[in-house]
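*Asks:* predicted structure and sequence below. I'll ask about it afterward.
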Amino acid sequence: MSANVFPYLLGLSAFLFTVGATGVLIRRNPLVVFMCIELMLNAANLALVAYGRFLNSQEGQVFAFMVIIVAAAEVVVGLALITQVFRLGRELDIDELNELSEVDDESLSQRSPLGAGDGLAAHVRSDVTEEATV
């Protein structure tokens, strides 16, 4: 890699990281926040590979590969959590998702179309009791 391109790659990496960090701080949707985190990790990968190429070393690519593995694991866990929250009928808002506990009946009855109860489980229980009475 020529020495003329190296500063531009670092500038691009810094720009992408800044856009990702701004998205994490401003946005409230968990899916958008995860995409912004992925953008930040890809910006770090770009910087690692650029430094590796500039120094004629393979270490930048090895570290970038490790970051990709960690990012893949983070996406799996994050999407599983978001899917579970969506199934419970809770609001997908970062400010509202500060705990991984069940919500109380009052706030669920205000947000969920299923009414009071514990979300999906209450809906399933009502279906089972209706079938049992028939």
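*Replies:* Happy to help now that I have it.
*Asks:* can you give the domain ranges for this structure?
*Replies:* 6-98, 102-134 (automatic domain parsing).
*Asks:* remind me, longest helix of this protein?
*Replies:* helix 59-87 (DSSP state H).
*Asks:* list the buried residues of that helix.
*Replies:* Buried residues in helix 59-87, defined by neighbour count with 16 or more other CB atoms under 10 Å: 60, 63-64, 71, 78, 82, 85. Backbone N, C-alpha and C define where each C-beta goes, glycine included.
*Asks:* could you dump the domains of the chain into CSV and include mean pLDDT?
*Replies:* As requested, those are arranged in CSV below (pLDDT from 0 to 100):
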stretch, mean pLDDT
domain 6-98, 91
domain 102-134, 51
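*Asks:* and the helices in the protein, which stretches?
*Replies:* Counting by DSSP H, the helices of the chain are 6-26, 30-54, 59-87, 105-111, 120-133.
*Asks:* for D95, find the nearest of those.
*Replies:* helix 30-54 (10.8 Å; CB to CB).
*Asks:* out of the domains of the chain, deepest packed?
*Replies:* Across these, the average number of neighbours (mean count of other CB atoms under 10 Å) peaks for domain 6-98, which reaches a mean of 15.
*Asks:* next, the contact list for the nearest residue to N29 once chain neighbours are set aside, please.
*Replies:* Spatial nearest neighbour of N29, excluding adjacent residues (CB to CB, 6 or more residues apart in numbering): L92 at 6.2 Å. Neighbour list for L92: 29-31, 82, 85-86 [criterion: CB atoms under 8 Å, 6 or more residues apart in numbering].
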